[in-house]
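Asker: Structure here, sequence nowhere to be found:
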DNA sequence: TTCATACTTAACTAGTTGGTTAATTAACTG
DNA sequence: CAGTTAATTAACCAACTAGTTAAGTATGAA
């Protein structure tokens, strides 16, 4: 994961299809480690699943309790809230493509869009930059 | 990233604060590589930023074009839609905690919640499992 | 007490990530 | 042309990830 901030941990935990499948399973209800592992045992070992669960647990996305030798796991979606909140700040940009012109018109109406800074030092003497 | 599915690629790209900061900057408008790199040059080199941009580009979260020796980058939030859609399927679980009892009551009313399977082989002879 | 079940821990490994410095490419500037 | 700016590529490296097998722990059953 490398970066230990909360958001990085959440996104990093979700960046694996096995872990997302485990969360999907847990959204149907509590399950033990071996229940959760069952669908994956054709492709990976039990300790591999234990590790995935540890990643999810460290990210706060699941909680594990004890019941004799079983470890019932439950989903805890709270960290997803922060992740969705972060993404929601970009909602306009994926809706933009649905009506790009409209948004463009609004943006030039309100304030100049920021062009990529060229940071040319000298004066340009009116020489036109070839724009493709 | 390891897993190459679209969702994994998106989450993986977002699992780094530098890359999220780059997206944040691009949400203010188009910017060249050196513009984007500027805030990070105290802590990392330009090639490091180039690599982060490549990750974002591979995830489809930015597009790069050419303008002479500059490479103006733009945000493309479209992949975030899929990521948010996936997360939204868990919304009830983070709202649940806001009113857990209410949701519990609804769930037992509609159908039995799935308990963690114990998969004990023999008959239980009415022996109670110690539950914490 | 012995065995079986559920799960974790340890030790190891191949491949990936995130960074580095140095060299290279491409385009404009004088 | 020689020089400068913008950005990429190459080669390298340390740390991390995602898996493995084998051994260990904890609990309940016979």
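Answerer: Structure received. Computed from a predicted structure; not experimentally measured.

Asker: quick one: the helices in chain A?
Answerer: A:6-14, A:17-26, A:33-37, A:46-58, A:78-88, A:91-96, A:100-110 (DSSP state H).

Asker: Highest mean neighbour count out of those?
Answerer: Of these, the one with the most neighbours on average (mean count of other CB atoms under 10 Å in any protein chain shown) is helix A:6-14, at a mean of 22. Using the backbone N, CA and C atoms, a C-beta is placed for each residue, glycine as well.

Asker: still on that earlier bit, could I get the helices of chain A as TSV with distance to chain B and mean pLDDT?
Answerer: Listed next are the helices of chain A as TSV, based on distance: least, CB to the nearest CB, whole Å; pLDDT from 0 to 100:
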stretch	distance to chain B	mean pLDDT
helix A:6-14	4	98
helix A:17-26	5	98
helix A:33-37	5	98
helix A:46-58	12	98
helix A:78-88	5	97
helix A:91-96	3	86
helix A:100-110	9	58
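
Asker: out of those, which comes closest to residue B:5?
Answerer: Closest to residue B:5 of these is helix A:17-26 (CB to CB; 5.9 Å).

Asker: Is that closest one positioned near DNA strand C?
Answerer: No - residues of helix A:17-26 contacting DNA strand C under CB under 7 Å from any atom of the strand: none, with a closest distance of 12.0 Å.

Asker: and that helix, how far from the chain's centre?
Answerer: 14 Å (CA atoms, centre = their mean, to the nearest Å).

Asker: OK, contacts around the residue nearest to residue A:27 when sequence neighbours are not counted?
Answerer: Among residues not flanking residue A:27 along the chain, residue A:75 sits closest, at 5.7 Å (CB to CB, 6 or more residues apart in numbering or on different chains). Residues in contact with residue A:75 (CB atoms under 8 Å, 6 or more residues apart in numbering or on different chains) are A:23, A:26-27, A:61-62, B:90, B:93.

Asker: If we check DNA strand D, which of the residues you listed are in contact?
Answerer: Counting by CB under 7 Å from any atom of the strand, no member of the contacts of residue A:75 is near DNA strand D.

Asker: Format the residues you listed as CSV; extra columns: distance to residue A:40.
Answerer: CSV is the format used below for the contacts of residue A:75 (distance: CB to CB, whole Å):
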residue, distance to residue A:40
A:23, 13
A:26, 14
A:27, 17
A:61, 17
A:62, 15
B:90, 20
B:93, 22
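
Asker: of all those, which comes closest to DNA strand C?
Answerer: residue A:62 (10.8 Å; CB to the nearest atom of the strand).

Asker: Chain neighbours aside, what residue packs nearest to that closest one?
Answerer: Closest residue to residue A:62 apart from its sequence neighbours, by CB to CB, 6+ apart: residue A:56 at 4.5 Å.

Asker: who touches that neighbour in this structure?
Answerer: Residue A:56 makes contacts with A:13, A:19, A:22-23, A:62, as judged by CB under 8 Å, 6+ apart.

Asker: Count the residues that sit near the nearest residue to residue A:8 once chain neighbours are set aside.
Answerer: Of all residues not flanking residue A:8 in the chain, residue B:15 sits nearest, at 5.1 Å (CB to CB, 6+ apart). Neighbour count of residue B:15, defined by other CB atoms under 10 Å in any protein chain shown: 23.

Asker: From residue B:32, how far off is residue B:15?
Answerer: From residue B:15 across to residue B:32, the span is 25 Å (CB to CB, to the nearest Å).

Asker: How about residue A:50?
Answerer: Where residue B:32 is concerned, residue A:50 sits at a distance of 46 Å (CB to CB).
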